[in-house]
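Asker: structural data only, the sequence is not supplied:
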């Protein structure tokens, strides 16, 4: 087991910015679906100690900082959006329009997941092919396909889904065919700013999802079992799941504040970026802010936080109101000696 240090906004240089903190709306069209897209992530599949506070509480706006350099126990996995014919397995999912190929850069192992993004519905997930995890039944065809990300996602939203597939497993000395019934309940329980290695600060929504797999023994009739997980993932425009934390398996759903993860994934590179919501430039002793204009608003509120000094996973802090400009730009003189300052912009109440 390793201890994964999770800090709330470490030093980001002379000036740092937090994106517009109005609760963003994430669209399925913000997910990677264009052929040729790629991203890379640090992944730890050992048991990761999240600390006493786990992943932190709901609400927001929060800052989540996972921008630390890679740990020795982490591997790199690369995600590529490819045609369904890539790898030669796509005929199992004829309705899919693209696949995500995941490659372990340490050993070259690959698996594929098959999707379609549909207007006004969201992302449809048809199933996956993974001969590394299960060479006996590598193709999992979902019945029915599942809508894993709705067409639009916002803070407070709740959705659920269920599906069935066949699997094969061993519990020595038994070799068992299973019918698997999967259910999931998801809630967007937090929002704020996520700081990623190599990418920086980006607006994010956090999804809290419980996953239940019910295995029915089709061979002997008595080796039934249930595996439950809790997953937190952070949705970022242009990336999708930019941070993904999954609990250990249990017989019942793990608590919301679980402190040990079986998977910890954080994206550090991707091939296309959305326009920044908030940009901060330091010219001489003046900090100039500009941000993406919003429609149907009476103005904006600019706030500042001088510095953070904390080792907590997330903290709600008191921000100072600096101004309420009517346009999408503002400037402020920075006192000599300032080494760290954080800004955020929201709609004027």
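Answerer: Arrived safely. The shown structure was predicted, so the numbers you read here are calculated from the model rather than taken from an experiment.
Asker: now name the helix or strand holding residue 42.
Answerer: strand 38-44 (DSSP states H and E).
Asker: that strand: partners in the sheet, and parallel or antiparallel?
Answerer: When pairing is defined by DSSP bridges, strand 38-44 lines up against strand 75-82 (antiparallel), strand 260-270 (antiparallel).
Asker: and that strand, how far out from the chain middle?
Answerer: Relative to its chain's centre, strand 38-44 lies at 11 Å (CA atoms, centre = their mean, to the nearest Å).
Asker: with stretch 77-92 instead?
Answerer: With CA atoms, centre = their mean, you get 21 Å for stretch 77-92.
Asker: which parts of it are buried?
Answerer: 77, 79-82, 84, 86, 89-90, 92 (16 or more other CB atoms under 10 Å). C-beta: built from backbone N, CA, C; applies to glycine.
Asker: cool, and stretch 223-233?
Answerer: 228-233.
Asker: looking at the residues you listed, spot the one nearest residue 136.
Answerer: residue 229 (22.5 Å; CB to CB).
Asker: contacting residues for that closest one?
Answerer: 210-211, 246-250, 253-254, 262 (CB atoms under 8 Å, 6 or more residues apart in numbering).
Asker: try 10 Å this time
Answerer: 184, 209-213, 246-250, 253-254, 258, 262-263 (CB atoms under 10 Å, 6 or more residues apart in numbering).
Asker: what would the buried residues of stretch 77-92 look like in CSV with distance to residue 303?
Answerer: Output for the buried residues of stretch 77-92, formatted as CSV (distance: CB to CB, whole Å):
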residue, distance to residue 303
77, 37
79, 35
80, 39
81, 37
82, 43
84, 47
86, 47
89, 50
90, 49
92, 51
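Asker: now residue 24: closest residue in space that isn't a chain neighbour?
Answerer: residue 203 (4.9 Å; CB to CB, 6 or more residues apart in numbering).
Asker: which pLDDT value belongs to residue 182?
Answerer: With respect to pLDDT, residue 182 scores 98.
Asker: list the buried residues in the one helix or strand it maps to.
Answerer: Using DSSP H and E, residue 182 sits in strand 174-196. Within strand 174-196, the residues that count as buried by 16+ other CB under 10 Å are 176, 178, 180, 182, 184, 186-196.
Asker: can you name the residues that contact the closest residue to residue 290 other than its chain neighbours?
Answerer: Nearest non-adjacent residue to residue 290, counting by CB to CB, 6+ apart: residue 329, 4.2 Å away. Contacts for residue 329 were tallied using CB under 10 Å, 6+ apart; they are 279, 288-291, 293, 300, 302.
Asker: tell me the least confident of the residues you listed?
Answerer: Within the contacts of residue 329, pLDDT is lowest for residue 279, at 74.
Asker: which residues does it bridge with?
Answerer: Here residue 279, judged by DSSP bridges, has bridge partners residue 290.
Asker: for residue 121, see how far away it is.
Answerer: 34 Å (CB to CB, to the nearest Å).
Asker: same check, this time on residue 186
Answerer: Residue 186 is 16 Å from residue 121, by CB to CB.
Asker: pLDDT below threshold where in the chain?
Answerer: Where the chain drops to pLDDT under 70, the residues are 1-23, 171-172, 273-277, 295-296, 306-318, 338-340, 349.
Asker: burial check on residue 62, number of neighbours?
Answerer: Close neighbours of residue 62, defined as other CB atoms under 10 Å, add up to 22.
Asker: show me which pair in the contacts of residue 329 is furthest apart.
Answerer: So, the contacts of residue 329 by CB to CB: farthest apart are 288 and 293, at 15.8 Å.
Asker: residue 322: what secondary structure?
Answerer: Following DSSP: H, G, I helix; E, B strand; the rest coil, residue 322 is assigned to strand.
Asker: and the residue nearest to it when sequence neighbours are not counted, what is it in contact with?
Answerer: Once flanking residues are discounted, residue 322 sits nearest to residue 302: 4.8 Å by CB to CB, 6+ apart. Neighbouring residues of residue 302 by CB under 10 Å, 6+ apart: 278, 289, 291, 319-325, 329-330, 332, 343-346, 348.
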